[in-house]
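**Student:** please find the sequence and the predicted model below.
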Amino acid sequence: MFGSLGLAEIAIIAVVGLLIFGPDRLPQAVRTLSTTLRNLRGMASEATKSLQDAAGVDEGETKKMLKDISDLHPKRLAAGLLEDPEPPVRARTPGSAKARVEPRVDAADLDPDLP
């Protein structure tokens, strides 16, 4: 609930609340506010559910469809095209104990006009 508020903001809200309501009425005001917010969240959740039911929308299916659509983003498509389905081949050079990784994508694969 307070994810975007820092400690300083919460302290300022507490001091202002203390000045407005006083030390006697502040706990009751906080309880009333939290109860009201809880009721509003419940009503919003029920309204969303009833609208989804009335429209015949399945939440899980909608999330899957949105994920499928987001997979069509050009950057994701390009990354998927450039990925190798198998791990890179490690080649050993004679006289060397270290293995080097062969490049997965050649510049000519990206631009056919390059020599």
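**Tutor:** Thanks, I have it.
**Student:** where is the longest helix in the protein?
**Tutor:** helix 7-55 (DSSP state H).
**Student:** ok, residues contacting the helix or strand just after that helix?
**Tutor:** Past helix 7-55, further along toward the C-terminus, the next helix or strand under DSSP states H and E is helix 59-70. Identification of contacts with helix 59-70 by C-beta atoms under 8 Å, 6 or more residues apart in numbering yields Gln52, Arg76. Any C-beta I mention is one placed from the backbone N, CA and C, and that applies to glycine too.
**Student:** beyond helix 59-70, next helix or strand please.
**Tutor:** Secondary structure here is assigned by DSSP H and E; on that basis, the next helix or strand after helix 59-70 toward the C-terminus is helix 74-82.
**Student:** quick one, that next one and helix 59-70 angle?
**Tutor:** Going by axes from the mean of the first three to the mean of the last three C-alpha atoms, to 10 degrees, helix 74-82 is angled at 70 degrees with respect to helix 59-70.
**Student:** just the C-alpha atoms of helix 74-82, please, in CSV.
**Tutor:** These are the backbone C-alpha positions of helix 74-82, laid out as CSV (Å, rounded to 0.1, in the frame of the first residue of the first chain):
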residue,chain,number,x,y,z
PRO,A,74,9.8,-6.5,-33.0
LYS,A,75,12.6,-6.7,-30.5
ARG,A,76,11.4,-10.0,-29.2
LEU,A,77,10.9,-11.3,-32.7
ALA,A,78,14.5,-10.3,-33.7
ALA,A,79,15.9,-11.8,-30.5
GLY,A,80,14.1,-15.1,-31.3
LEU,A,81,15.4,-15.2,-34.8
LEU,A,82,19.0,-14.6,-33.7
